[in-house]
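Visitor: Below are the sequence and a predicted model; questions follow.
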Amino acid sequence: MKNLPTRRYLWFTVLSLIFVTSCGAADTGGEVTPPLNLDLTLDYRQLDEAERTALTGLDSGERAALSLWEMQVRAAGVNNGGVYFNVLNDPGSFPLAEVDLIRILYNSEMSEYGRINGKHLDQRFFRVVRNMTGEDISAVYSGAPAVFAPGPVALDNLLTGENGLGSLDNAVIRLWSHDLLDNGKMDGSITKFTLLSPFALDAVDGSQGSINPDEVKVLLAADLASGTPDGTPLASAFSAVLDAVYLDGPGTSVAEVLEAAGIDQEEADALFDDWAERRGYPR
């Protein structure tokens, strides 16, 4: 059990450090603009293939594997390869790189298993994760029991979130998958970009299919609590989601994110409000 007065003192110290380090240059004319180190005008949708490769360090095939894995899991809550049928049944609705990859995966799985189970997409995804983060997760998850696809996945679930995973689980999948796309780094900055940029890939405006902004705020506050934000809360939450997808784990939760950061909801709100005030973000 943590000593509450000590924890609150440390939290206040962290908050003070965030203020000092974020302000940077001396106040001139009473206005201070903390460095964000993000280009909020970056619109990933408008980048061509070469620009996307340069930004992310991933080639078109790797980006296709990441996109297809995200689509599959957000639609079904597991990877059983059902998205293969969606793509093959309507190839004109998907990018060419995704269609080409699915054709390869379908043929190789039918040759090895006689049915579709998404295992070869897993292999591609695990390699992409290693390229993105330097972490090899294949040993942890490649041995998960195979689940065979009965047919296409329900892509409507991408809007409804009705896939058996929790709301925060779905938000984490989306944010983690897009973390490279704002500045080419897996550093958790996607939480800030999603809240601040009109070009964010994931809306937080309450429309159907949008992410709950309160969940993004919690992840950001947990990151700010360290004093040196680096995306650790998002990465840890994604690991918990992977456990849910492959190992029948419970997934992540707001309480778990806050506990790992050593703060409670009140402290998280204060951290976020301080950040939001400096950014002009409506609280």
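Guide: Looks like it arrived, so ask away. As the structure is a prediction and not an experimental result, all values here were calculated from the model.

Visitor: residues contacting the most centrally placed residue in the chain?
Guide: In the chain, the centroid-proximal residue (Cα atoms, centre = their mean) is Trp176; its distance is 1.7 Å. Applying Cβ atoms under 8 Å, 6 or more residues apart in numbering to Trp176 gives the contacts Ile190, Leu234, Ala235, Ala237, Phe238, Val241. (Each C-beta comes from the backbone N, C-alpha and C, glycine too.)

Visitor: That one should be in a strand, yeah?
Guide: No - counting by DSSP: H, G, I helix; E, B strand; the rest coil, Trp176 is not part of a strand but helix.

Visitor: and Phe148, how far is that from Phe125?
Guide: 18 Å (Cβ to Cβ, to the nearest Å).

Visitor: Pull the number of nearby residues for the residue nearest to Ala260 when sequence neighbours are not counted.
Guide: Take Ala260 and drop its neighbours on the chain: the residue closest to it by Cβ to Cβ, 6 or more residues apart in numbering is Ser236, 6.0 Å away. Counted by other Cβ atoms under 10 Å, the residues lying close to Ser236 total 18.

Visitor: Provide the secondary structure category for Ser236.
Guide: Going by three-state DSSP: Ser236 is helix.

Visitor: That one and Leu258 touch, don't they?
Guide: No - contact criterion Cβ atoms under 8 Å: Ser236 and Leu258 do not qualify, at 11.9 Å.

Visitor: so after the helix or strand hosting Val172, what's the next helix or strand?
Guide: Using DSSP states H and E, Val172 sits within helix 167-177. As assigned by DSSP H and E, the chain's next helix or strand after helix 167-177 is helix 180-183.

Visitor: Tell me the helices and strands packed up against that next one.
Guide: helix 49-56, helix 190-196 (3 or more Cβ pairs under 8 Å, 6 or more residues apart in numbering; DSSP states H and E).

Visitor: Which positions within the helix or strand that contains Ala97 qualify as buried?
Guide: Assigned by DSSP H and E, Ala97 belongs to helix 96-113. The neighbour-count check on helix 96-113 (16 or more other Cβ atoms under 10 Å) flags Ala97, Glu98, Val99, Asp100, Leu101, Ile102, Leu105, Tyr106, Glu109 as buried.

Visitor: mind listing what the last one touches?
Guide: Neighbouring residues of Glu109 by Cβ under 8 Å, 6+ apart: Gly81, Tyr84, Arg115, Ile116, Asn117, Gly118, Lys119, His120.

Visitor: rerun at 6 Å
Guide: Glu109 makes contact with Ile116, His120, according to Cβ atoms under 6 Å, 6 or more residues apart in numbering.

Visitor: Gly184 and Asn107: what is the separation?
Guide: Distance from Gly184 to Asn107, by Cβ to Cβ: 33 Å.

Visitor: now Asp179
Guide: From Asp179 to Asn107 the distance is 32 Å (Cβ to Cβ).

Visitor: same thing with Tyr113?
Guide: Applying Cβ to Cβ, the value for Tyr113 to Asn107 is 12 Å.

Visitor: same thing with Gly251?
Guide: Distance, Gly251 to Asn107, using Cβ to Cβ: 33 Å.

Visitor: How many residues are close by Asp48?
Guide: Neighbour count of Asp48, defined by other Cβ under 10 Å: 8.

Visitor: what's the span of stretch 154-169 from first residue to last?
Guide: 18 Å (Cα to Cα, to the nearest Å).

Visitor: what about Asn157, how many neighbours?
Guide: Neighbour tally, Asn157, other Cβ under 10 Å: 18.

Visitor: Oops, could you answer that again for Arg124 instead?
Guide: The burial count for Arg124: 19, using other Cβ under 10 Å.

Visitor: Not counting residues beside it along the chain, what's closest to it?
Guide: Ala65 is the one closest to Arg124 (Cβ to Cβ, 6+ apart), at 3.9 Å.

Visitor: so that neighbour sits in a strand?
Guide: No - secondary structure of Ala65 (three-state DSSP): helix, not part of a strand.
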